[in-house]
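Trainee: Everything below, folded, please.
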Amino acid sequence: MPNVKWSYMDHWLMDSPRGLVEPNLGRRYMERYIKQLAALGFQGFDTFGFRLNHYGNMFGSIKRFQQFLQDYGIEKIVSIFHDYAYSTNSRAPHIRSTHDAIFNDCVQRIRACEGLGVENLIVMPTSTYWQVEPVTDDKIKIVADLWNRVGKMTIEHGIKTTCHHEFWCAIRSDEEIDKFYRWTDPAYVFYFCDTAQHKIAGNDPVRLYLKYRDRCSGFHFKDTHDVDIKGEYRLPPDAEMLAHSVERWFWEMGTSGGLVDFPLLMKAIKESSYRGWLTVEHDKASIGGGNYAESTCMAKWYVDNVLSKIYS
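Mentor: Predicted structure coming up:
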């Protein structure tokens, strides 16, 4: 049995008569998409919670969608990503009065995953930095209380609530992340390592992984060529798209200029005896004329010819 298996996070655009479209436009596009992932050797599939109903409608049920994945050699849906990137009057993780609504949303997500073998509910613990600031200890404690509550519920269903820290979210710095994990229960709240997001925020993803390895339930492997040194994480409404100094934040593994030390991370994963899923993610790979299929081929070549020689 392998120690690690590779999954793909559900970001993709492809050509169509109407231009670039997402594969979930129709079943024919989904077949082309999943065939490409399977041909590259991916064994798992990660997706967004808001797409579950759409996939369920397209294939008759979410279970039938997973059967569709399995027909092409993808074992299962590994993780579901769920977030409140933009806080609203009814849903804002740093505002306690909205927690019941958020909790009920998470219950619905978990119910949709029943019987699929989903392992993680990946959450961004807070909304955008500019909507939450100033980020105080009291706010971090309120957020921690929410995910402790959600995590207790999800673990009862065999699914881990695991936290993914975008460079533009309100819990992003070493100090903020440290406080959050001190104030959350390790039995209920886990850590999810996104390599590029940490690096852009000025953090070392290898050091963070080693610090929280006992709580780590997964990874997003992607690279960056830039660290945010101008405070662009605070830009409304979307720091990933509207930064003045950086056109494209995220890059596939193996490109010239990449800042994440993936071999060092893979050695740390091996030395920690981590067993489970590693996920390739390409976020906004089409910026500047990029191509998701090409980016994914490049990343999987890097996995097979560099990383898998360290640990597999």
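
Trainee: Of all the residues in the helix or strand of the chain with the lowest mean pLDDT, which ones are buried?
Mentor: Within the chain, no helix or strand scores below helix 239-242, which has a mean of 92 by mean pLDDT, DSSP states H and E. By neighbour count with 16 or more other C-beta atoms under 10 Å, helix 239-242 contains the buried residues 239-240. The C-beta positions use only the backbone N, C-alpha and C, and glycine is treated the same way.

Trainee: after that helix, next one along is what?
Mentor: Later in the chain than helix 239-242, the nearest helix or strand by DSSP states H and E is strand 250-251.

Trainee: Are there helices or strands packed against that next one, and which ones?
Mentor: Where contact means 3 or more C-beta pairs under 8 Å, 6 or more residues apart in numbering; DSSP states H and E, strand 250-251 is packed against strand 223-224.

Trainee: Give the burial count for the closest residue to residue 240 other than its chain neighbours, as a bare number.
Mentor: The shortest distance from residue 240 to any non-neighbouring residue, by C-beta to C-beta, 6 or more residues apart in numbering, is to residue 249 (5.8 Å). When counting by other C-beta atoms under 10 Å, one arrives at 25 neighbours for residue 249.

Trainee: mind listing what the longest strand anywhere in the chain pairs with, with the direction of each?
Mentor: The longest strand of the chain (DSSP state E) is strand 76-83. With DSSP bridges as the test, strand 76-83 is paired with strand 44-48 (parallel), strand 120-124 (parallel).

Trainee: most tightly surrounded among the ones you listed?
Mentor: Mean neighbour counts were taken over those using mean count of other C-beta atoms under 10 Å, and the top value, a mean of 25, falls to strand 120-124.

Trainee: So what touches that one?
Mentor: Identification of contacts with strand 120-124 by C-beta atoms under 8 Å, 6 or more residues apart in numbering yields 46, 49, 78-85, 106, 109-110, 147, 150, 154, 159-166, 169, 190, 192, 217-218.

Trainee: Swap in 6 Å and give it another go.
Mentor: By C-beta atoms under 6 Å, 6 or more residues apart in numbering, the list of residues contacting strand 120-124 from outside reads 79-83, 154, 159-164, 166, 169, 192, 217-218.

Trainee: Mind checking which of the residues you listed are in helices?
Mentor: Those of these mapping onto helices are residue 154, per DSSP state H.

Trainee: Filter the contacts of strand 120-124 down to the buried ones.
Mentor: Buried among the contacts of strand 120-124 (16+ other C-beta under 10 Å): 79-83, 154, 159-164, 166, 169, 192, 217-218.

Trainee: Nearest the geometric middle of this structure, what residue?
Mentor: Compute the mean C-alpha point of the chain, and by C-alpha atoms, centre = their mean the closest residue is residue 220, 5.7 Å away.

Trainee: Is residue 190 bridged to anything, and to what?
Mentor: residue 162.

Trainee: Wait, residue 4 touches residue 274, no?
Mentor: No: counting by C-beta atoms under 6 Å, residue 4 sits too far from residue 274 to count as a contact (7.1 Å).

Trainee: And the helix or strand containing residue 66, what does it pack against?
Mentor: Here residue 66 is covered by helix 62-71, with elements defined by DSSP H and E. Packing partners of helix 62-71 (3 or more C-beta pairs under 6 Å, 6 or more residues apart in numbering; DSSP states H and E): helix 52-59.

Trainee: The helix it packs on to strand 44-48, inter-axis angle?
Mentor: Angle, helix 52-59 to strand 44-48, by axes from the mean of the first three to the mean of the last three C-alpha atoms, to 10 degrees: 120 degrees.

Trainee: List the buried residues in helix 52-59.
Mentor: Quick answer for helix 52-59 (16+ other C-beta under 10 Å): 52, 55, 58-59.

Trainee: that older thread, give me the residues contacting the least confident helix or strand of the chain.
Mentor: With C-beta under 6 Å, 6+ apart, helix 239-242 has contacts from 168, 232-233, 235, 249.

Trainee: I'm done for today, thanks for sticking with me.
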